[in-house]
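Undergrad: quick one, what's the 3D model for this:
(chains A, B, C and D)
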Protein chains: 2
Amino acid sequence: MLSVAVDVVIFTLRNNDLQVYLVRRYEEGYESLWSLPGGIIRADEPLEDAAMRQLREQTTVEDIYLQQLYTFGAPDRDTRRRVISVAYFALVSPDQLARECQDDQNSNRAWFNAYNLPPLAFDHAEMLDVALTRLRYKIEYSAAAFELMPEEFTLRELQDAYMIILNDHTLDKANFRKKIREAKIVESVSRYKRTGGRPAKLYRFRKDAQLESKARRFFP
Amino acid sequence: MLSVAVDVVIFTLRNNDLQVYLVRRYEEGYESLWSLPGGIIRADEPLEDAAMRQLREQTTVEDIYLQQLYTFGAPDRDTRRRVISVAYFALVSPDQLARECQDDQNSNRAWFNAYNLPPLAFDHAEMLDVALTRLRYKIEYSAAAFELMPEEFTLRELQDAYMIILNDHTLDKANFRKKIREAKIVESVSRYKRTGGRPAKLYRFRKDAQLESKARRFFP
DNA sequence: TCAAAAGTGTTCAGCTTACACCCATGA
DNA sequence: TCATGGGTGTAAGCTGAACACTTTTGA
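TA: Residues are numbered from 1 along each chain as shown, chains lettered A, B, ... in the order given. Alright, predicted model coming up:
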C-alpha cells in the first residue's frame, strides 16, 4: 500500500562549514547508505508536526526554522513499496545543538559537509540539491541566514556565513557591511570578540526587523 | 485509510482578466461548492502525471506549463477521510483553450475571475492564495508570463498581462518596453495589430531566450 | 613598531524612475 | 485635423562594485 513520509534536510554552520545531518538506516536493500532523517507520518499527524517529530527524535533540537521544500513521488523512489515523501528543510544554529548532536562520527548519525556528501539512499541526493538551491535563494531575499548564526556574532562571521552558503568567497567587506547596516537587521550589543587583530563588535539579530525584502524584479 | 491526491490551479488570461478553472463536484458534505480540478492519484502514477491527467480529463488542454506548488496535509482538510493533496499550478494561454473549455457558465465547470471567487471546498481557497502569490513571484524573475500570452501579442498586451497579474496598473510604458527590449526575450514578427490608434507591432516569445534572471539580491 | 583584522569613505558606472515628446492611424 | 493609442529619448537620482584608507589590538 501507499504511504506518506517526511524527510528533513537539516542544515547547520559549524567550523566554517555548511553541514547536513544524516542518519544510517539499517533496512533491506539500502544497508550501508546514509540518508536524511525521516519516516512515515502517523495517521492523524499534520505534515509539519511529523517533520518536527523527526527533528526531535533524531537530533533532540527543538523549535527550529522548518519549512516545506518539495514533494517527491516517483513510483520507484523506494523499491520496496510506494512512498510519497514530503521533504522539509530546517535551519539550526550552532547554539541550538551545543550540548547534543556531537559528531558521533562512528555512530549512526553524523554531520557532513554539504559540499562533500557520501552516497545517499533513495532520492535523497536530489532532495539535498533542491534544499541547497532553496537555501541559497532564501538567504538572498530573507533573513534566513540568521537562523544559522549564534545569538551573537560579528559582521565578519555573518559575511563568512553568506560566503560559505553561496559558495562565493568574493563578497566585498565594505559593501556587505553597508547593506547590513541599511537593512537595519542587526543591532550592536556593546561587547567585543577577540580576534587576531582589532576586536570585533558583536551584533545580534533585531527581533523587530523586516524579515523579507522584495527582490528587485526582472521586469518593472 | 490515507490517500494522496493532486489538485491543479489552472490560470489563464482572458478578457483582460486573470481567470481560474473550477469544477463543481457532487459529493456528500460539499454539495454546492466549487473546487479545483483534482483527484486521487493512481497506484503507480507519478505525481506530475496525475496532475497532467487531471488537466487533460477536466479541461482537454495538453502540454501545459505545470509545476508543483505545495503539499497540503492537515488531517481534517477533508472531513470524510485523510487525504494528502499535492497542489500543482498550471498556466494556459488563450490559444490553447480556444476550441474547448468554453464558458459553460451553467455547467459543472467554468472559469472564474481570480480576484472574485465563489466559496471553495476543502482548503482550496488557501491553495489559490499560495498559487497566486507564486504566480506573481514567478513572472517577476522568469518568463512565466509568456505561458499566458497568445502566440503573437503586442507589447501593450504583455504589459497589461503583467499589470493584471500583479494587480498594479501603474507600470510605466516606456520603462517596461525598455526592459523587455534589453532582456531580448521577444522578437518582432513583421505584422501589425489594429487598435484604436496607431497599429501595434506584433511580437512573439523568443524560443532561445534566457528563461530566468537572477533577481537582484537583498544582500550582496 | 609591525602584522592582522576591524571598520569606513569615495568614486564611477549602470540602472531605475519619471516624464515629455513624436508618430501613425481612423473617424 | 483631432483623438487615440503606439513608440522613443533623456535628465535626475539612486544603487552597487571596486578600492583605498584609517583604527585598534596583540606580539
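
Undergrad: show me where chain A has strands.
TA: Using DSSP state E, the strands of chain A run over A:3-14, A:17-24, A:34-35, A:38-40, A:65-72, A:83-92, A:109-113, A:186-193, A:200-205.

Undergrad: which one of those lies nearest to residue B:205?
TA: Nearest to residue B:205, of all these, is strand A:65-72, at 27.2 Å by CB to CB. Yep, even glycine has a C-beta here, placed from its N, CA and C like the rest.

Undergrad: buried residues in the closest one?
TA: For strand A:65-72, burial by neighbour count (16 or more other CB atoms under 10 Å in any protein chain shown) applies to A:65, A:66, A:68, A:69, A:70, A:71, A:72.

Undergrad: equivalent analysis for stretch A:135-153, please.
TA: So for stretch A:135-153, counting by 16+ other CB under 10 Å, buried means A:135, A:138-149, A:152-153.

Undergrad: now, which of the residues you listed lie within helices?
TA: In this view, those that belong to helices under DSSP state H are A:135, A:138, A:139, A:140, A:141.

Undergrad: and the residue nearest to the second one when sequence neighbours are not counted, how far from DNA strand D?
TA: Leaving aside its sequence neighbours, residue A:138 sits nearest to residue A:144 (CB to CB, 6 or more residues apart in numbering or on different chains; 4.2 Å). Here residue A:144 is placed at a distance of 18 Å from DNA strand D (CB to the nearest atom of the strand, to the nearest Å).

Undergrad: contacts only, for residue A:38.
TA: Counting by CB atoms under 8 Å, 6 or more residues apart in numbering or on different chains, residue A:38 touches A:5, A:6, A:7, A:8, A:54, A:85.

Undergrad: residues contacting the closest residue to it other than its chain neighbours?
TA: Nearest non-adjacent residue to residue A:38, counting by CB to CB, 6+ apart: residue A:7, 3.4 Å away. Taking CB under 8 Å, 6+ apart, we find residue A:7 in contact with A:35, A:36, A:37, A:38, A:54, A:85, A:86, A:87, A:88, A:124, A:127.

Undergrad: ok, back up a step: ok, so of the buried residues of strand A:65-72, who is nearest chain B?
TA: Among those, residue A:71 lies closest to chain B (CB to the nearest CB), at 4.5 Å.

Undergrad: beta partners of that closest one?
TA: Taking DSSP bridges as the rule, residue A:71 bridges to residue A:86.

Undergrad: try residue A:5
TA: Beta-bridge partners for residue A:5, by DSSP bridges, are residue A:40, residue A:85.

Undergrad: can you count the residues close to it?
TA: 19 (other CB atoms under 10 Å in any protein chain shown).

Undergrad: and chain A, what are its domains?
TA: Per automatic domain parsing, the structural domains of chain A span A:3-140, A:141-205.

Undergrad: just the mean pLDDT for the shortest one, thanks.
TA: Averaging pLDDT along domain A:141-205 yields 94.

Undergrad: what's the end-to-end length of that domain?
TA: End-to-end span of domain A:141-205 (CA to CA, to the nearest Å): 16 Å.

Undergrad: near DNA strand C, anything from it?
TA: Yes - residues of domain A:141-205 contacting DNA strand C under CB under 7 Å from any atom of the strand: A:154-156, A:173-175, A:177, A:192, A:195-201.

Undergrad: just the buried members of these?
TA: For the residues of domain A:141-205 next to DNA strand C, burial is judged from neighbour counts taken by 16+ other CB under 10 Å, and it is met by A:154, A:155.

Undergrad: still on that earlier bit, quick check, the residue nearest to residue A:138 in contact with residue A:93.
TA: No - using CB atoms under 8 Å as the test, residue A:144 is too far from residue A:93 to be in contact (11.5 Å).
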